[in-house]
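Enquirer: following is a predicted model, sequence given first.
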Amino acid sequence: MTDESQSTGRRSFLKFAGVAAGGAVSATLAGCIGDDDEEPTPTPTPTPTDPEALLREFDGELPDDPSREELLQHANGLSNERAPWIFLHQQFSIYGVSDEVEWTAREDEDINAWDMSSDLDEITITQGTFPTALAPHNHNDTPTHNVVDHVYDQLLYRDEEGRLIENIATDWRRIDDTTVEFDIRDGVMFHSGNEMQLSDVAYGINRARTHEDSSVIGVIGAIDEAYVEGDALRIDLEIVEPAIFRNLAAFGRVMEEEWTEARSIGDLNAGEMNGTGPYELHEYLDGTRVVFTKFDDYWGEEPDIEQVTFNHAPEEGTRIDRLLTGESHLVVNVDPGDISEVEEADGVRIEDVASIRSIFIVMNDHFEPFDNVYFRQAMNFAVDVEAIIDTQLAGAGNVTSQPTLPGHFGHNPDVEPYPYDPDRADSLIEESGHVGEEITIHTTTGRYLRDTDIADAVAGQINELDNVSAEAEFRDTDEMFAETLDGEQDTSPEIFLIGWGNPTFDANYTMSPWFDDPVFTHYNDEEIVDLLRQANQTPEE
Amino acid sequence: MATKTATSDVIPWDKIDMLLRHRTGRVLLAAITALLVYVVLSGTGIGPEETSTRIILSMVVGCLLWAHLVYGAWLVKRELQGLFVIWGVVTVVFFLRFLTPGDPTIALTPPDASTDVREQLARRLGLDEPLYVQYADYIWNLVTLDMGRSLRTQVPVMDLILIRLPATIELAVAATLVAMVIAIPLGVISARRRHKPADYSATLFSLVGISTPNFWLGIMLILYVAVTVDFLPTGGRSIGFAAAWGGLLMEGDFDGISRWFAQLILPAITLGTFFTALLTRLTRSGMLEEIGKAYFKACQAKGLPETIILYKHVLRNTLIPIITVLGLQLGTLIGGAVITEFVFAWPGLGRFLINSIHSRDWMVIQGIIIIIGIGFVVINIAVDAAYAYLDPRVELR
């Protein structure tokens, strides 16, 4: 769900000081919008005398006996029409990579050294944050996943496009609505030197679901129990849990039962690691580096690179400098403003890919005017997301139209993003009866790529409307999260920018929390909730 | 009485007393004790595993003994006062957390965790106990040198701090040394050449140094020294003090020590620049004041070389305020130089503290603040002791 913080590039700031100030950006953006060359193709605006026609409508129809995918697609279509969020963009993952390393960025944000090839025996990967834990289930953030993945194998895995592939499990199937079964690979060795047993696989799954220190209890799925059944691993589910296979590809890791039980969670986090993965722990220095070396008895293809070091540099400019000096061979979260510098430098390159993270602005329907669909749609028509992507992100982003990202299960390909149409936005606001509203968009600070600049730009564009004013308020990220995630909708900000990663590639991972969950929900729509619940009771075909 | 006589016969107290009254004797005793501690640690396998860490620990014990021999009752009194201060810090920090917004169980659980899961976590961490019970437990554990476990990772807080403390101390001391080595001669020259180009240059340097934001300086140093010239590493701490010096002393390994030195230069300059500028100005003004006094002219009349007058007599009298500022500054740096640590990816306490605040990991926050408190207390005692050394008129009571 979460990702490391991504700060605005200080390097860019220094180089282009005076140009990138938030307010100026908004003004510039607003200015650009008025430019004939930049103005997007206008869409016909219905007349205010026809209020119903002003509203954008989703005209998709649900078949009589819908599949799970159709249910989710319909829910996504309705989400576009009901506009619970200002749909912004799909964030890109941007990496700086040494030419000495062959590697292609993955959509799921995973950085796997065993996928890389190089003439070098040792490489260094620099992320923005140090792993928060080494115990395989005691975290749910991307930088930690990237480190832990090298040691602890998942039951299943994903290819670069997000399709499920075999890993520790060689085959998988659904026995009935609430039972799934896996064939498990033979001859897999733990780094401890012991051979993996079926019971170890079951233990890892059960531990993720029940252990008091597991951070993935809520996201791995409604698993009742994993157990050995003959030569296979079987999992009983509490409900249908259609996305169980995708969930297990993200969070279902194998642990050696006896070895693990002999250790506390503190031991595991302090540098004791034992999995079946392609690399084993060589050195761990908390806050400084994690060094892995190839595991000789790995069950899969032997990795090309002998030794991998993960370290971290929170400052984006420092990461780039490490790349340019050859101290690091792969750095994460390159600021869009620094892409050209990396591209122009010798021996390094940029790798970027649309990520699993979408950025959006939540409109809390507990408060006026966000309980009004005219007003919510107006906010979407008022924002020129393409211009924001071009200006703030150097083009590194895709405009989104719905909660689910393209390529994820349940995405509705027939739904188009809201076009930029300030006149229609003005008319919708007139119709909503909320003329003269003053909006304050709360935003995280440094949590997502250029989050404050984007919030500022959105506020600037809304401010350009004739009948409403807006400003951005930069919040301490953790303070804002605490306020929004305490389960009290009435104490959350009225409107706030946030991001959401979806490592399962399934619509449910994004939609159920935001529309049918006591913690996250800020928009209440019975029809969408019914669709999601129905989808969660319908096994995938 | 007979026993006392017998003991006096066996142990030559009078000779020991004579030995301890002599400066060399005290140093010798401290050195022998340090050696004994090292032998015991190595022989029994108690304490740290690394030889270099054992050496450092033994040296610390030796230094402590030396300090007690020199300063005696005064030091014990100051230590007791220090303990009282630390208890105050612990108490304030402990209770402050209950006034701070943000429930640690929210920060420690996944966003979609249920209230039951959070309550279960609170029970496990003892957060559901009455406040006085939590406080009493915490104080008792501290007495037994147990700072508890990180709420986030369940790793002992003491371990987490001990990993980062050397990095913090290294950087703080290095920055202070950079400042002293540059600032004091510069201040002296500036005072002696008052209203001359050297003085104006030093004043300009001070002004620029004080006005330069250290995040900018750090980035510029990385860009030009580490990237363009490729002379020093861009950041990080690839080797620690103990490993580097241990490698040199035990195995004659120069590579480790050169890496250790190289990694420290840019962060130390970045952090020390502001401090250098401040000290230069302080030294200059102090020197100017002293130069105006009669003893300066008396020394000149006696025909003493100017360098000796300045560095032996005038500077010594100027050092009291400088030492005060040095102590305060060093104490602040022990608390962490967050921005410098951030820019250079230096694994010190400052950034760790900020991260722990973000995750509401109160056990770690408390632990770090206690360490900062101890740092201030130790430095203040050292500064007071330095006053007496520099100025014989100051009595330690």
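Expert: In hand now; what should we look at? Numbering: from 1, shown residues only, chains lettered A, B, ... in the order given.
Enquirer: pull out the buried residues from the longest strand anywhere in chain A.
Expert: Of all segments of type strand in chain A, defined using DSSP state E, the longest is strand A:348-363. Judged by neighbour count using 16 or more other CB atoms under 10 Å in any protein chain shown, the buried positions of strand A:348-363 are A:348, A:350-363. All C-beta spots, glycine's among them, are computed from the backbone N, C-alpha and C.
Enquirer: with stretch B:85-101 instead?
Expert: Residues of stretch B:85-101 classed as buried by neighbour count (16+ other CB under 10 Å): B:86, B:89-90, B:93-94.
Enquirer: give me the below-cutoff pLDDT ranges for the chain.
Expert: Answering for chain A, as no chain was given. Chain A contains residues with pLDDT under 70 at A:1-52, A:540-541.
Enquirer: if you could check chain B rather than the one you did, that'd help
Expert: By pLDDT under 70, the weakly predicted segments of chain B are B:1-9, B:52, B:100-104, B:106-115, B:117, B:336, B:395-397.
Enquirer: quick one: neighbours of residue A:183, just the number.
Expert: Neighbourhood size, residue A:183 [other CB atoms under 10 Å in any protein chain shown]: 14.
Enquirer: secondary structure class for it?
Expert: strand (DSSP: H, G, I helix; E, B strand; the rest coil).
Enquirer: separation between the nearest residue to it once chain neighbours are set aside and residue A:108?
Expert: In space, and not counting its chain neighbours, residue A:183 is closest to residue A:171: 4.2 Å by CB to CB, 6 or more residues apart in numbering or on different chains. As judged by CB to CB, to the nearest Å, residue A:171 and residue A:108 stand 22 Å apart.
Enquirer: more neighbours, those two?
Expert: Comparing residue A:171 with residue A:108 by other CB under 10 Å, the one with more neighbours is residue A:108, at 24 against 11.
Enquirer: helices of the stretch 1-150 of chain A, start to end?
Expert: If you assign secondary structure with DSSP state H, counting those that start in this stretch, the helices in the stretch 1-150 of chain A sit at A:10-15, A:22-34, A:51-54, A:68-82, A:142-148.
Enquirer: contacting residues for residue B:310?
Expert: Neighbouring residues of residue B:310 by CB atoms under 8 Å, 6 or more residues apart in numbering or on different chains: B:188, B:192, B:287.
Enquirer: repeat that with 6 Å
Expert: Under the criterion of CB atoms under 6 Å, 6 or more residues apart in numbering or on different chains, the contact list for residue B:310 reads residue B:188.
Enquirer: now the helix or strand harbouring residue A:473: buried residues?
Expert: Following DSSP states H and E, one finds residue A:473 within strand A:468-474. The neighbour-count check on strand A:468-474 (16+ other CB under 10 Å) flags A:468, A:470-472, A:474 as buried.
Enquirer: go on, stretch A:433-447?
Expert: A:434, A:437, A:439, A:441-447.
Enquirer: ok so, going back, after the longest strand of chain A comes which helix or strand?
Expert: helix A:373-382.
Enquirer: packing partners of that next one?
Expert: Counting contacts by 3 or more CB pairs under 6 Å, 6 or more residues apart in numbering or on different chains; DSSP states H and E, helix A:373-382 packs against helix A:422-432.
Enquirer: tell me what the next helix or strand after the helix it packs on is packed against?
Expert: Where DSSP H and E defines the elements, the next helix or strand beyond helix A:422-432 is strand A:437-443. Secondary-structure packing of strand A:437-443 (3+ CB pairs under 6 Å, 6+ apart): helix A:451-463, strand A:468-474, strand A:495-501.
Enquirer: so which of the ones you listed is nearest chain B?
Expert: Closest to chain B of those is strand A:495-501 (CB to the nearest CB; 10.0 Å).
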